Every structure is written in C-alpha cells, then in structure tokens.
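Enquirer: Take a look and give me a structure for this.
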Amino acid sequence: MSISNITVYMPSVLTLIGIPGLESVQCWIGIPFCAIYLIAMIGNSLLLIIIKSEGSLHEPLYIFLGMLGATDIALASSIMPKMLGIFWFNMPEIYFDSCLLQMWFIHTFQCIESGILMAMALDRYVAICYPLRHAIIFTHRLVIQIGTVVVLRAAILVAPCLVLIKCRFQLYHTTVILHSYCEHMAIVKLAAANVQVNKIYGLFVAFTVAGFDLTFITLSYIQIFITVFRLPQKEARFKAFNTCVAHICVFLQFYLLAFFSFFTHRFGSHIPPYIHILFSSIYLLVPPFLNPIVYGAKTTQIRIHVVKMFCS
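Expert: Take a look at the predicted model:
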C-alpha cells in the first residue's frame, strides 16, 4: 500500500540492484565469484571430511578448524546463490522477510567466525604457554561449550537488529537496495524514519564483537611470542611458531578485509558505490576461499591426509 509517491508502507518485496554502476558487466563478474564459491565449498568440505574421518585429528585445534569450515560454507552459501541469480538470471526481487533472514545469517556467521578465531587463539595460547596442561584444560566438553557460547553469542547479538527493523520500520523511501545482498546498513538506509537506533546498535555489535575478539587474539599472541622467544633451542622455537602460522594468516586476512571494507563503506564517500559493494562481497567470499587453502598448505597433518585421499 503506497502512502505517497515517495514512501512505501511495509513492502513485501525488495529489489537488489547487484553492483550499482556495473550492471552491464555483472554477468562477467559472476564468473570469478562463482569460481571462488565453488573452490570454497570443495575446500571446506574436504577439510570437514578429513577431520571427521581421521581419529588423529580429533583434537581441539582441528575441531575448531572444522567449525570454521562449516561456518565458511554457511556464510558463502547465504549470499552466493542469490547473488548469482541477480548477476546471471536477472532475478533481483527478494521477499522482505527473506531479506531479513539473509541479513541475520550473514552477520551471525560473521560473528561466529570471529568467535572461532578467538577460540583457536586461546587453544594455541594454552598449547604453547602451558603444554603439559593443554590436554587437561581443553577437553572435548570444553570445546563443545566454547562452540555453543560462540554460536549463541552471535545469534543473540544480531537478533535485535532484525527485530528492530521488523518492528520499528514501517515507512520506506524506496524498496530498491543498492547492494548485491541484504546487508544491515543497506536495509536501514531504505527506511524513512527511526533509523538512528538501528545504526547505533549495528555499530555496537560490530565493535563489541571485533573489538573484544581482536583484543583477545592480539594479547594471546603477544604472550605466545614472548614464550616462544624464551625457548632455549632454535628448533623448538621454529616448531612452536610454525604451529601458529596458519592461524595468524587466517585471522589477519579476516580482520584486515573486515576493517578495510568497514572504513571504505563508512568514510569513503568519494569512492564510487561499486567499489564499496565489490569489497564488501570480496570480504565475505575470500575468507571461506582462502581458509582451507592456508590450512591445507601450512598444516602438515591435513596436507598428508589430502595427499593420501587423492593418491590412494
């Protein structure tokens, strides 16, 4: 029901533009995006199969890695099918409730991934700084409890964003979302009023999760580096540090991409919109693509099992 020629009351369907300014070449942009998505699916699925089938990998580090792989599959799958539908099949329409659900999935899985990276940093901290107590502290029960807390934290923190949009927003300037997926701020910008609370809460969630997790990871690795450099033997230092290399690469690319996307979106007003959209899409797709490659290349146990799987 239209209230006026510039406002819409509680729209049932929204339209995703895709990448504003690059509509004519979106079909070609979809090709590398699809390739990245397929590699991410195959890589993370292989990771999960190897970790599940090999009893020697049923350790906290690899269980957390399996959680990360499952989260990456869910995160990429929450945006890529609809994005390819826009790019290749001219299917921009999405139901309002489906859009909100996609938004909740995207931001929840982002928070879960951040929490898992924090848990992996804690595991490495205990393994290197207190190696004799690692098996006693990091039991399977504790790993399950940490995983449960990480998932619940993400779901509970993101849920109010969805509720606030659904309950507070009634009038909309437009039903056209200048984005390739349903991102929180892109939806909030559609509303005609009552947007400030949503913006503030969205920033609160982002800075609370990223700030807490990144601080914890940084402090953990500072203590790890101090412990490693105090080891008397060079080989022992190299071995201890090498167990952390893959995790360092993963959390650096995750947070660097996140902050780069955030700051270009918030403060790059002079940057063309398609740059914002491309970087925000890359931010969601690259970690699921790179994580299994990094861990496959840098983790000896996983590399050995991959070789055995394809050579046997």
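
Enquirer: Sketch out the low-pLDDT regions of the stretch 51-200 of the chain for me.
Expert: Where the stretch 51-200 of the chain drops to pLDDT under 70, the residues are 192-195.

Enquirer: Can you classify the most centrally placed residue in the chain by secondary structure?
Expert: Among the residues of the chain, the one closest to the centroid is residue 110, at 3.4 Å (Cα atoms, centre = their mean). Following DSSP: H, G, I helix; E, B strand; the rest coil, we place residue 110 in the helix state.

Enquirer: what's the nearest residue to it if we skip its chain neighbours?
Expert: Leaving aside its sequence neighbours, residue 110 sits nearest to residue 75 (Cβ to Cβ, 6 or more residues apart in numbering; 6.9 Å). Where you see a C-beta, it was placed from the backbone N, CA and C, and this is true even at glycine.

Enquirer: All the helices of the stretch 101-250 of the chain, residue numbers only.
Expert: With DSSP state H, counting those that start in this stretch as the criterion, the stretch 101-250 of the chain has helices at 134-137, 140-168, 184-188, 196-229, 234-267.

Enquirer: Enumerate the positions of the shortest one that are buried.
Expert: Taking 16 or more other Cβ atoms under 10 Å as the basis for neighbour counts, the residues of helix 134-137 that come out buried are residue 134.

Enquirer: quick one on the thing from earlier: from residue 309, how far out is the residue nearest to the centre of the chain?
Expert: Distance, residue 110 to residue 309, by Cβ to Cβ, to the nearest Å: 30 Å.

Enquirer: Just to check, residue 197 is in contact with residue 169?
Expert: No. Taking contacts as Cβ atoms under 8 Å, residue 197 lies outside contact range of residue 169: 10.4 Å.

Enquirer: Could you check which of the two has the larger neighbour count?
Expert: Neighbour totals were compared for residue 197 and residue 169, and residue 169 leads with 18 against 12 (other Cβ atoms under 10 Å).

Enquirer: is it true that the more buried one touches residue 191?
Expert: Yes. With contact defined as Cβ under 8 Å, residue 169 and residue 191 form a contacting pair (4.3 Å).

Enquirer: if I look at the two, which residues touch both of them?
Expert: The overlap between the contact sets of residue 169 and residue 191 (Cβ atoms under 8 Å, 6 or more residues apart in numbering) consists of residue 198.

Enquirer: Now do the same for residue 4: its pLDDT.
Expert: The model reports residue 4 with a pLDDT of 44.

Enquirer: returning to what we had before: so the residue nearest to residue 110 touches residue 114, yeah?
Expert: No. If you go by Cβ under 8 Å, residue 75 and residue 114 don't touch, sitting 11.4 Å apart.

Enquirer: on that earlier part again, residue contacts, the residue nearest to the centre of the chain?
Expert: Here residue 110 is in contact with 75, 154, 258, 284 (Cβ under 8 Å, 6+ apart).
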